[in-house]
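Peer 1: let's see this in three dimensions:
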Amino acid sequence: MSPDYPAGAGNRPSRHPERAAYDAATVHGILDEGLVAHTAFVADGRAHLLPLLYLRRGAQLYLHGSTGGHLFRMAARAGSVPVCVEVTLFDELVLARSYFDHSVNYRSVVVSGDASLLRDEAVKGEVMHDLVEHLVPGRSRHARPPTDEELRQTAVLVLALEEVSAKVRRGDPVDEPEDLDRPCWAGVVPLETTWGRPRPAANCPPDIELPDYLQPLTGPGRSS
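Peer 2: Next comes the predicted model:
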């Protein structure tokens with residue numbers, strides 16, 4: 001069976017290619033669990049990197065920002081802008097018997113391509129709704145949708161999931177044979193991300209109860 005995202009020179013890792021994955025289930029699963037996309041681009045001969053909130057809808061990424069942002073102004077002027085987007089979920093520390101073989105267990109996705117501005121205001125409104133739901137499912141029931149002016153001040157870049165690869169490391173440390181007898185603990189240390197107890201804003205009336213959709217956030221949450 002052919003992969004959902006074909007491997008090529010642009011998305012094949014040079015180190016540990018056996019950890020690469022190109023199936024939609026792996027790629028989409030990582031993107032849907034993450035919250036922040038680190039987005040790289042070149043402007044005025046210099047490399048830039050931005051952390052952006054994002055949303056996946058089907059085979060497209062939507063990157064959220066402001067119409068005044070450098071990256072978004074570049075896209076407005078040129079029609080599109082080349083970007084490289086990366087999302088990483090950190091799962092475990094991997095502690096080996098040597099410095100060299102220490103590692104981390106992680107899941108990551110890299111997407112490259114030309115991102116263009118989303119100009120359809122109606123679709124932008126749908127993306128804003130879905131982004132809020134991506135961050136906190138159920139939140140859109142209470143929060144006010146954006147006004148027309150707020151939508152005009154919001155910029156969204158659309159990036160097709162075409163040149164895509166995931167990379168995943170799992171399992172124990174891989175020690176050198178000569179280190180196996182060293183009296184040194186080796187293994188993995190899982191990372192568990194937990195949301196803290198919600199804290200109301202100073203101007204939030206005390207008679208407004210904590211919404212039911214925030215209750216699950218007080219337990220173990222998504223990896224980061």
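
Peer 1: okay, and the beta partners of residue 48?
Peer 2: Beta-bridge pairing for residue 48 (DSSP bridges): residue 41.

Peer 1: mind listing what the helix or strand of the chain with the lowest mean pLDDT pairs with, with the direction of each?
Peer 2: One helix or strand of the chain scores below all others by mean pLDDT, DSSP states H and E: strand 20-21, with a mean of 86. Strand 20-21 has the following strand partners under DSSP bridges: strand 163-169 (antiparallel).

Peer 1: who touches the partner strand?
Peer 2: Strand 163-169 is contacted by residues 5, 7-8, 10-13, 16, 19-22, 26-27, 30, 94, 103-113 when judged by Cβ atoms under 8 Å, 6 or more residues apart in numbering. Just so you know, the C-beta spots here come from the backbone N, C-alpha and C atoms, and that holds for glycine as well.

Peer 1: restricted to strands, list those.
Peer 2: Here DSSP state E is the test, and the contacts of strand 163-169 give 20-21, 94, 103-113 as lying in strands.

Peer 1: ok, and the closest non-adjacent residue to residue 214?
Peer 2: residue 198 (5.3 Å; Cβ to Cβ, 6 or more residues apart in numbering).

Peer 1: what about that neighbour, which SS state?
Peer 2: Under DSSP: H, G, I helix; E, B strand; the rest coil, residue 198 falls in the coil class.

Peer 1: could you report the separation of it from residue 134?
Peer 2: 18 Å (Cβ to Cβ, to the nearest Å).

Peer 1: convert stretch 188-207 to PDB, retaining C-alpha atoms only.
Peer 2: What follows is stretch 188-207, C-alpha atoms only, in PDB (Å, rounded to 0.1, in the frame of the first residue of the first chain):
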ATOM      1  CA  VAL A 188      12.800   6.000  30.500                       C
ATOM      2  CA  VAL A 189      11.100   8.700  32.500                       C
ATOM      3  CA  PRO A 190       7.500   9.500  31.100                       C
ATOM      4  CA  LEU A 191       6.300  13.100  30.900                       C
ATOM      5  CA  GLU A 192       2.800  13.600  32.100                       C
ATOM      6  CA  THR A 193       1.300  17.100  31.300                       C
ATOM      7  CA  THR A 194      -1.400  18.300  33.700                       C
ATOM      8  CA  TRP A 195      -3.500  21.400  33.500                       C
ATOM      9  CA  GLY A 196      -3.700  23.400  36.800                       C
ATOM     10  CA  ARG A 197      -6.900  24.300  38.500                       C
ATOM     11  CA  PRO A 198      -8.700  27.000  36.400                       C
ATOM     12  CA  ARG A 199      -8.300  30.500  38.000                       C
ATOM     13  CA  PRO A 200     -11.100  33.000  37.300                       C
ATOM     14  CA  ALA A 201     -10.300  36.400  36.000                       C
ATOM     15  CA  ALA A 202     -10.400  39.300  38.500                       C
ATOM     16  CA  ASN A 203     -13.500  40.700  36.800                       C
ATOM     17  CA  CYS A 204     -15.300  37.300  36.400                       C
ATOM     18  CA  PRO A 205     -18.500  37.400  38.600                       C
ATOM     19  CA  PRO A 206     -18.300  34.900  41.400                       C
ATOM     20  CA  ASP A 207     -21.800  33.500  40.600                       C
END
